[in-house]
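Q: I would like to see how this sequence folds:
(2 chains)
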Amino acid sequence: MVTLSSDSRNIIGRGPPLGAGLFFLGLVSVGIMMLDQRSNYLDTVRQWLGAAAAPVYAVVQTPGQAWEWLTGSFADRTRLRTENAELSEQLREARVKLLQFDSLREENVRLRAVREASAGVGGRTMIAEIMRVDVDPFRHRVRINKGSDDGVFKNQPVLDAFGIVGQVVQVDKYSSTIILISDSGHAIPVQVNRNGIRSIAVGAGDLGKLSLPYLTVESDVKTGDLLVSSGLDGIFPAGYPVATVSKVERNPADTFALVEAKPLAQLDRDREVLLLWADPPSQVEAPAAKPAKPAATESKPAAETSSATPAPATPSAAPREAAETPPPGTQPLPQSQPPQD
Amino acid sequence: MSDGRISRARVTFTVILAIIFAVLPLPEPIDAARPDLLLLLVIYWSLSAPRIAGLLFAWFCGLAIDVLKGIILGQHALAFLVVAYFTHKFQLRIRIFPLSQQTLTVFAFLFLYQFILWWLDGIIGQAVTTWMRWLPVISGAILWPILVAGLDTWNRRNR
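A: All right, here's what the predicted structure looks like:
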């Protein structure tokens, strides 16, 4: 039984009546909820409230970090050695792959220029650490230790070394929440890498499973097919691996096949993820507008060509080119419309 | 500033502990059944120190949970507020209940709390439909007698 102290609420004349408090605060709550759900007026408020929560996160994370520090500093020599050997082996492999990368990228840029494709490859990344705090046991959301102070923005794509992990749903000042692609409230537009069939991969609330509910029975999908992001949502850049198809069941009586896929990103094992700042599409399109010119095949042509053409100050070659192509100010950018989400 | 013999510092201290408990990572199997310790504390302090722990106190506790774990602001705040309202309304009756009956009442309050959350989740379109979502109701009701015993002893000793 709760301790009976002599301090029960006075019957008369002490504070506002209960019902009024309930009504007023309830109204405030509902108002906040509507503002937060339907608009982004409260984003700054949330950022600062999240910043106020930073000490709580610091306290919660301390034991884990201390343990990591301890195990790290007392790790025995042999283990460090084997780890070192493994890592240098991996580095060597990666170097060999990288040798081809430059030439492939050149070729890719050239081919894209020829095709006037709008999708860009590459971008800036930043490593963020997943914090050891609980967000919600029933939702696939995690918190990372980078926030708006580091330039993180809402709907930013998040990757790991193997594929797409998810996107940022909420940004605080020093931390942010990301939603994983496996959350049942998340969907990502994908493309079968083998033949380009487009579909949508919906999270199934299970870390090892995505479902593709919109593939018809006749569609050409096989177990083991690689699914890459199609970039149609304007959030995830095109061409990043998402999942491999793990199960295809076709029942001729149904319209849609039962297709499941396994995410490539290690959603349950990651400690670190990569935040991606994709190249803005308009910069990559600038060379694509002038297909046959050799300048477009340069590895980083976007800024130079677009700044060079408007002012034909260079006497010899530039004016002639400018005469051939329409003046850049009036030139319509092909497919410059970024896909709406 | 004290309400009878219960100081404001003591309430704040327990609330901070409960907030930390709310985001503490727990191992997988018991993670889903994490009791809503902060709500239990709000009920406890509303019963034993109603002048310190009013409706506004409950609302801010709920808002803290919203900031740490919520999808939208105000969801947990509203649920906390409703539970605190009923606790205050029946405060004089609940605190002289025998412990078993009190636990049943708290069980009902916890259920109400989860129901409001579930309902609001559905309204914003992100409902969690697994039955596991109701586990905190049971674990919270089990925790209640222990919490009351502990806090009562502490309050009596430090009079």
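
Q: How about the closest residue to chain B within the stretch 151-300 of chain A: what's its closest non-neighbour residue?
A: Here the stretch 151-300 of chain A gets closest to chain B at one residue, residue A:185, 5.0 Å apart by C-beta to the nearest C-beta. All C-beta spots, glycine's among them, are computed from the backbone N, C-alpha and C. Spatial nearest neighbour of residue A:185, excluding adjacent residues (C-beta to C-beta, 6 or more residues apart in numbering or on different chains): residue B:126 at 5.0 Å.

Q: tell me what the helix or strand hosting residue B:88 is packed against?
A: Taking DSSP states H and E as the definition, residue B:88 sits inside helix B:75-89. In terms of contacts (3 or more C-beta pairs under 8 Å, 6 or more residues apart in numbering or on different chains; DSSP states H and E), helix B:75-89 is packed against helix A:18-38, helix B:37-48, helix B:55-69, helix B:99-123.

Q: So for the next helix or strand after it, what gets flagged as buried?
A: Sequence-wise, the next helix or strand downstream of helix B:75-89 (DSSP H and E) is helix B:91-94. Within helix B:91-94, the residues scored as buried using 16 or more other C-beta atoms under 10 Å in any protein chain shown are B:91, B:94.

Q: Using PDB, list the CA coordinates for helix B:91-94.
A: What follows is helix B:91-94 as a C-alpha-only set of coordinates in PDB (Å, rounded to 0.1, in the frame of the first residue of the first chain):
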ATOM      1  CA  GLN B  91      -6.200   9.100  -5.600                       C
ATOM      2  CA  LEU B  92      -7.900   9.000  -2.200                       C
ATOM      3  CA  ARG B  93      -9.500   5.600  -3.000                       C
ATOM      4  CA  ILE B  94      -6.500   3.900  -4.700                       C
END
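
Q: just how off-centre is it within its chain?
A: 17 Å (C-alpha atoms, centre = their mean, to the nearest Å).

Q: okay, now the domains of chain A?
A: For chain A, the structural domains run A:19-52, A:125-279, going by automatic domain parsing.

Q: ranking those by burial, who's on top?
A: With neighbours defined as mean count of other C-beta atoms under 10 Å in any protein chain shown, the domains of chain A peak in mean count at domain A:125-279, which reaches a mean of 19.

Q: So for that one, mean pLDDT?
A: The average pLDDT for domain A:125-279 rounds to 89.

Q: Check stretch A:45-55 too.
A: 86.

Q: do stretch B:75-89 as well
A: For stretch B:75-89, mean pLDDT rounds to 94.

Q: so what's the most centrally placed residue in chain B up against?
A: Nearest to the geometric centre of chain B sits residue B:39, at 0.9 Å (C-alpha atoms, centre = their mean). Residues near residue B:39 by C-beta atoms under 8 Å, 6 or more residues apart in numbering or on different chains: B:61, B:80, B:83, B:109, B:110, B:113, B:140.

Q: re earlier: can I take it that the residue of the stretch 151-300 of chain A closest to chain B is in a strand?
A: No. With DSSP: H, G, I helix; E, B strand; the rest coil as the criterion, residue A:185 is coil rather than part of a strand.

Q: give the contact list for it.
A: By C-beta under 8 Å, 6+ apart, the neighbours of residue A:185 are A:139, A:179, A:203, B:125, B:126.

Q: 10 Å instead?
A: Taking C-beta atoms under 10 Å, 6 or more residues apart in numbering or on different chains, we find residue A:185 in contact with A:139-141, A:169, A:179, A:202-203, A:205, B:71, B:124-128.

Q: rewinding a little: the residue nearest to the centre of chain B and residue A:25: what is the separation?
A: 16 Å (C-beta to C-beta, to the nearest Å).

Q: same thing with residue A:213?
A: Counting by C-beta to C-beta, the gap from residue A:213 to residue A:25 is 42 Å.

Q: Run through the residues that contact residue A:50.
A: Residue A:50 touches A:57, A:143, A:147-148, A:170-177, B:67-68, counting by C-beta under 10 Å, 6+ apart.

Q: can you check residue A:186 too?
A: Residue A:186 neighbours (C-beta under 10 Å, 6+ apart): A:139-141, A:166-167, A:169, A:179-180, A:201-205, A:210.

Q: among these, which are within reach of chain B?
A: When contact is defined as C-beta under 10 Å from any C-beta of the partner chain, the contacts of residue A:186 meet chain B at A:139, A:141, A:169, A:179, A:205.

Q: Among the residues you listed, which one lies nearest to residue B:136?
A: The closest of the ones next to chain B among the contacts of residue A:186 to residue B:136 turns out to be residue A:139 (C-beta to C-beta; 14.6 Å).

Q: So that closest one: helix, strand or coil?
A: coil.

Q: There's contact between it and residue A:183 in this structure, I believe.
A: Yes. In this structure, residue A:139 is within contact of residue A:183 by C-beta atoms under 10 Å, at 5.8 Å.

Q: Between the two, which contacts overlap?
A: A:203, A:205, B:126.

Q: ok, the last one touching residue A:140?
A: In this case it means residue B:126. No. If you go by C-beta under 10 Å, residue B:126 and residue A:140 don't touch, sitting 11.7 Å apart.

Q: in what helix or strand does residue A:127 lie?
A: strand A:123-129.

Q: Can I get that strand in CSV, CA atoms only?
A: Extracted as CSV, the C-alpha positions of strand A:123-129 are listed here (Å, rounded to 0.1, in the frame of the first residue of the first chain):
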residue,chain,number,x,y,z
GLY,A,123,29.0,11.1,-53.7
ARG,A,124,30.4,12.0,-50.3
THR,A,125,30.1,9.7,-47.4
MET,A,126,30.5,10.0,-43.6
ILE,A,127,30.8,7.2,-41.1
ALA,A,128,28.3,7.2,-38.3
GLU,A,129,28.3,4.9,-35.3
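
Q: Tell me which strands that strand pairs with, and in which orientation.
A: The strands beside strand A:123-129 in its sheet (DSSP bridges) come out as strand A:272-278 (antiparallel).

Q: For the partner strand, what is the distance to the chain centroid?
A: 7 Å.
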